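S.K.: Fold the following, please.
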Amino acid sequence: MARALYIHWPFCAKKCPYCDFNSHVREGVDVAAWQAALVADMRAEAAVAGGEALTSIFFGGGTPSLMPPALVAALLAEAERQWGFAQGIEITLEANPSSVEAANFAALAGAGINRVSLGVQSLDDAELRFLGRLHGADEALRALETAQAHFARVSFDMIYALPGHTPQLWEERLTRALGLGTGHMSLYQLTIEPGTRFASDVRRGRLVPLDDDAAAELFDVTQALTGAAGLPAYETSNHAREGEESRHNLAYWRYQDYAGIGPGAHGRRGGVATVRHKKPENFLAAVARQGDGIAEARALAVTDQAAEALLMGLRHVEGVDLAALSARFGLPRAGLVDEAALGRLRALGLMWVLGTRIGVAPAGRSLLDALLAEVVADTLVAA
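M.R.: A predicted model of the protein is given here:
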């Protein structure tokens with residue numbers, strides 16, 4: 001059963017124009033009410049998804065660094081009571097690099113957080129304004145230094161392929177970022193997500209995204225620089241020194257069970273997909289009404305599970321073991337992948353095959369979505 005726990009804190013100081021995450025701006029938050037609701041939701045989930053000590057916990061959002069450290073400590077204490085903690089558990093919290101939130105880093109470390117992921121996004125003030133961020137570049141650098149002083153493991157995010165980004169400009173930006181000494185970085189191309197302000201800007205002609213060819217060139221620059229710096233990609237957008245990979249995210253990519261609590265949180269347990277109510281007020285009402293925040297708990301067909309396992313696993317550089325998946329889901333290899341497509345993509349140098357394991361080659365990573373559409377068996381896609 002679940003060995004990873006995701007806790008969603010849905011509140012932000014401001015909604016960023018590119019963000020389609022479940023985040024909400026509220027004038028005030030009743031911390032006591034939220035602690036009671038999240039604890040109740042956690043207990044309800046542990047009752048059906050318990051049994052093994054947790055190896056990772058991830059506080060996502062929203063902006064979890066806005067949570068009072070005492071609330072974080074209370075939730076961790078409850079998680080330990082319900083599941084127990086494996087030795088060396090990884091406990092990550094996403095944080096914005098503002099001076100106000102950085103002031104809480106010592107208290108958050110004292111509460112049990114041992115890994116932090118900072119939403120730096122850029123080290124250029126003009127780009128940060130374009131992205132709608134509330135912090136400046138100097139503030140981000142100070143927050144990063146504070147985080148490195150308090151947490152054993154620090155990661156930070158950057159967004160590239162912004163309008164006007166050239167290979168030379170991105171090389172300068174990324175080289176500077178790689179020199180800041182973290183063991184993990186998440187590097188995302190700007191994606192225009194439906195329902196965001198940027199999507200409206202594109203529709204109205206106010207924003208012209210970088211074209212696919214230019215973005216692919218920047219992706220190649222990213223792979224070359226991170227590899228040379230000792231932080232190669234271990235997933236499409238995630239880069240780490242050996243041993244610094246996010247163990248929590250590895251649980252997703254290896255299609256292991258995980259519990260998700262809090263507004264909008266997703267989970268997987270024993271072939272059942274769970275999703276909590278997204279709107280904070282609806283989540284609180286559901287917990288009061290039924291004892292948990294679940295909006296839907298749906299049994300997944302074996303073919304759905306196999307498709308998810310393939311789609312997640314092929315994002316990771318280690319690929320997937322088709323023999324293991326076949327045994328796990330009781331499906332023949334031909335029911336998992338399109339062998340003709342796999343052979344063609346392998347011949348083009350876009351995918352690799354090693355025994356029963358297959359994966360996406362470095363040359364194919366920038367084309368991942370298109371490759372997955374070809375190689376995943378039609379029977380799984382149709383299902």
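
S.K.: Kindly report the domain assignment for this protein.
M.R.: Using automatic domain parsing, the domain parsing of the chain gives 4-252, 302-382.

S.K.: Any idea how many residues pack against G343?
M.R.: 13 (other CB atoms under 10 Å). In short, each C-beta sits where N, CA and C put it, glycine included.

S.K.: just S237 next, same as before
M.R.: S237: 15 neighbours (other CB under 10 Å).

S.K.: Quick check: it touching M185?
M.R.: No: applying CB atoms under 8 Å, one finds S237 not in contact with M185, separated by 9.3 Å.

S.K.: G359: neighbour count?
M.R.: Count around G359 with other CB under 10 Å applied: 18.

S.K.: Specify the local secondary structure of it.
M.R.: For G359, the assignment made with DSSP: H, G, I helix; E, B strand; the rest coil gives strand.

S.K.: Please tell me how far it sits from E318.
M.R.: 7 Å (CB to CB, to the nearest Å).

S.K.: helices or strands next to the helix or strand containing Y234 in the packing?
M.R.: Per DSSP states H and E: Y234 is located in strand 233-235. For strand 233-235, the elements it packs on are helix 212-228, judged by 3 or more CB pairs under 8 Å, 6 or more residues apart in numbering; DSSP states H and E.

S.K.: what ranges of the protein fall below the confidence cut-off?
M.R.: The chain contains residues with pLDDT under 70 at 1-2, 381-383.

S.K.: Output the longest strand belonging to it.
M.R.: strand 85-95 (DSSP state E).

S.K.: Just the CA trace of that strand, in PDB.
M.R.: The C-alpha coordinates for strand 85-95 follow below in PDB (Å, rounded to 0.1, in the frame of the first residue of the first chain):
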ATOM      1  CA  PHE A  85       8.300   6.800   9.200                       C
ATOM      2  CA  ALA A  86      10.900   4.700   7.300                       C
ATOM      3  CA  GLN A  87      14.500   5.400   8.300                       C
ATOM      4  CA  GLY A  88      15.800   8.300   6.300                       C
ATOM      5  CA  ILE A  89      12.400   9.500   5.200                       C
ATOM      6  CA  GLU A  90      12.400  12.400   2.700                       C
ATOM      7  CA  ILE A  91      10.100  15.200   3.700                       C
ATOM      8  CA  THR A  92       9.900  18.000   1.100                       C
ATOM      9  CA  LEU A  93       8.100  21.300   1.200                       C
ATOM     10  CA  GLU A  94       7.600  23.600  -1.800                       C
ATOM     11  CA  ALA A  95       8.400  27.200  -1.000                       C
END
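
S.K.: Need the contact partners of that strand.
M.R.: 3, 53-61, 63-65, 72, 76, 79, 101-102, 105, 108, 112-119, 143, 147, 153, 246-248 (CB atoms under 8 Å, 6 or more residues apart in numbering).

S.K.: in its sheet, what does it sit against?
M.R.: Its sheet considered, strand 85-95 pairs with strand 54-61 (parallel), strand 115-121 (parallel) by DSSP bridges.

S.K.: In terms of secondary structure, what does whatever helix or strand D369 lives in contact?
M.R.: Per DSSP H and E: D369 is located in helix 368-375. If contacts are counted by 3+ CB pairs under 8 Å, 6+ apart, helix 368-375 sits against helix 339-347, strand 357-360.

S.K.: and of the ones you listed, who's closest to A215?
M.R.: With CB to CB, the closest approach to A215 among the helices and strands packed on helix 368-375 belongs to strand 357-360: 17.4 Å.
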